[in-house]
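[1] using only what follows, build the 3D model:
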Amino acid sequence: MDDETNLDPAIRAVGRGAVSNRVGRFEAVDRSVVDDGWARQEDEQILRTEVRFERPRSLITYNRSPDLPFDRSINPYRGCEHGCVYCFARPTHAYLGFSPGLDFETRLIARPDAALVLEQELRNRRYKPRPIAIGTNTDPYQPIEKEHEIMRECLLVLRDFNHPVAIVTKGTLIERDLDILGPMGQAGLARVGVSVTTLDARLSRLLEPRAPAPKRRLAMIRALTEAGVPVRVMSSPVIPGLTDAELEAILQAGAEAGADAASWIMLRLPREVSPLFQEWLARHYPGRAGKVMRLVRDMHDSKDYDPEWGRRLRGTGPYAALVARRFEAAARRLGLDEAQPALRCDLFEVPLSEGDQPSLFA
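    Coordinates of the predicted model:
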């Protein structure tokens with residue numbers, strides 16, 4: 001490692017997406033690591049994942065974004081071990097005093113009381129059910145879920161309340177929960193979006209180093225659909241000059257695996273994500289870096305990112321319009337453009353708490 005990475009030269013970041021650990025935007029001082037020449041090979045250590053715990057006082061987050069199809073979401077974890085270098089959620093780690101770089105994928109926050117807090121919020125007499133989105137910020141089925149099972153506990157609560165849920169994930173660990181999601185999907189209470197960024201296994205390993213391989217995600221789509229869970233294949237993000245040529249092939253593979261709908265989102269580079277992604281390009285695809293960033297800036301009025309509603313997810317201009325037309329044509333040809341039934345909210349029912357008695361007049 002060089003002195004620009006903010007990482008001890010004795011530590012090797014194996015299987016990680018970001019190539020640096022620069023400080024977040026709220027830090028008062030910068031940090032740099034300088035090799036004093038005394039480092040020895042036998043002193044090298046692998047950068048390991050650390051998990052800390054947070055006791056949330058509330059869990060459901062509400063939004064009023066007009067370009068999002070949901071108004072509430074929950075996050076069992078902060079940070080994500082999948083390490084997707086393009087992840088637009090990386091800047092949220094700066095609020096915790098961590099770097100959006102390697103810290104985001106190695107210094108994780110688990111919320112073990114999430115299911116208990118969720119149940120309390122759903123029992124509030126003023127609560128009105130609408131679909132809860134999970135996985136819109138960090139993946140609920142990232143590797144640490146295998147040990148902590150926070151997502152599964154939240155799903156059990158949602159099942160008990162007959163509460164609709166929409167999940168976005170790359171994690172094949174979701175197959176563990178087919179016993180919950182299968183019946184919910186058949187009842188119109190659950191839907192899953194599976195993100196497939198590329199079908200190229202080598203590129204995927206560089207972009208999203210600890211996420212399942214593309215073929216494995218397609219197998220996950222099939223497993224979910226066979227269990228009765230409707231699945232949307234998500235070409236997300238489309239990376240100009242790097243993965244954009246695969247758009248139709250990704251939709252085709254998703255349809256063949258059983259997906260009944262599709263969506264796409266253009267690469268987003270807010271705040272610290274842009275320099276992190278450009279570092280990644282310079283290391284792994286230096287010959288394409290100029291073209292990729294030129295196309296990105298062409299869609300955002302010469303900026304790396306435009307946060308305005310209506311533009312942030314797709315961009316504007318000729319290139320963005322071309323990708324949109326390609327997607328629409330492929331989705332129509334594959335039957336992935338039909339309107340999907342809304343998740344059901346009319347089945348919502350607050351179950352009896354321990355010690356409660358049913359009404360004589362129910």
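
[2] which ones are touching residue 17?
    Taking C-beta atoms under 8 Å, 6 or more residues apart in numbering, we find residue 17 in contact with 82, 83, 84, 85, 87, 105, 206, 207, 208, 209, 280. Quick note: C-beta positions are derived from backbone N, CA and C, even for glycine.

[3] on the three-state scheme, the closest residue to the fourth one other than its chain neighbours is what?
    Closest residue to residue 85 in three dimensions, ignoring its sequence neighbours and counting by C-beta to C-beta, 6 or more residues apart in numbering: residue 17, at 3.8 Å. Here residue 17 is recorded as coil under DSSP: H, G, I helix; E, B strand; the rest coil.

[4] and if you look at residue 222?
    Using three-state DSSP as the criterion, the local structure at residue 222 reads helix.

[5] number of residues surrounding it?
    Using other C-beta atoms under 10 Å, residue 222 is surrounded by 14 other residues.

[6] next one: it from residue 326, what distance?
    25 Å (C-beta to C-beta, to the nearest Å).

[7] any idea which helix or strand in the chain has the lowest mean pLDDT?
    When each helix and strand of the chain is scored by mean pLDDT, DSSP states H and E, strand 11-12 comes last, with a mean of 70.

[8] measure the residue nearest to residue 85 to residue 98 for me?
    According to C-beta to C-beta, residue 17 and residue 98 sit 15 Å apart.

[9] for residue 141, same thing?
    Here residue 141 is placed at a distance of 22 Å from residue 98 (C-beta to C-beta).

[10] which one's more surrounded, the two?
    Neighbour count, other C-beta under 10 Å: between residue 141 and residue 98, residue 141 has more, with 28 against 23.

[11] show me what contacts the nearest residue to that one once chain neighbours are set aside?
    Distances taken as C-beta to C-beta, 6+ apart put residue 171 closest to residue 141, at 2.7 Å, once the chain neighbours are dropped. Going by C-beta under 8 Å, 6+ apart, residue 171 touches 82, 139, 140, 141, 142, 143, 145, 211, 212.

[12] what are the ranges of the helices in the protein?
    Along the chain, counting by DSSP state H, helices occupy 102-106, 114-122, 145-148, 150-160, 178-186, 201-207, 214-226, 247-257, 273-284, 286-298, 318-334.

[13] deepest in the core, which of those is it.
    Comparing these by mean neighbour count (mean count of other C-beta atoms under 10 Å), helix 102-106 ranks first with a mean of 26.

[14] residues near residue 165, how many?
    With other C-beta under 10 Å as criterion, residue 165 counts 23.

[15] for it, which residues count as its bridge partners?
    Beta-bridge pairing for residue 165 (DSSP bridges): residue 132, residue 190.

[16] please verify my assumption that it contacts residue 188.
    No - at 11.2 Å, residue 165 does not count as touching residue 188 under the criterion of C-beta atoms under 8 Å.

[17] common neighbours of those two, please.
    Common neighbours of residue 165 and residue 188 (C-beta under 8 Å, 6+ apart) are residue 343.

[18] tell me the pLDDT at residue 320?
    Here the pLDDT value assigned to residue 320 is 97.

[19] for it, list the residues it contacts.
    266, 299, 314.

[20] and if you look at residue 338?
    With C-beta under 8 Å, 6+ apart, residue 338 has these contacts: 260, 261.

[21] relative to residue 177, how far out is it?
    Distance, residue 338 to residue 177, using C-beta to C-beta: 27 Å.

[22] in a markdown table: the helices of the chain, plus distance to residue 26.
    Converted to a markdown table, the helices of the chain look like this (distance: least, C-beta to C-beta, whole Å):
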| stretch | distance to residue 26 |
| --- | --- |
| helix 102-106 | 13 |
| helix 114-122 | 25 |
| helix 145-148 | 27 |
| helix 150-160 | 27 |
| helix 178-186 | 38 |
| helix 201-207 | 27 |
| helix 214-226 | 35 |
| helix 247-257 | 36 |
| helix 273-284 | 16 |
| helix 286-298 | 25 |
| helix 318-334 | 32 |
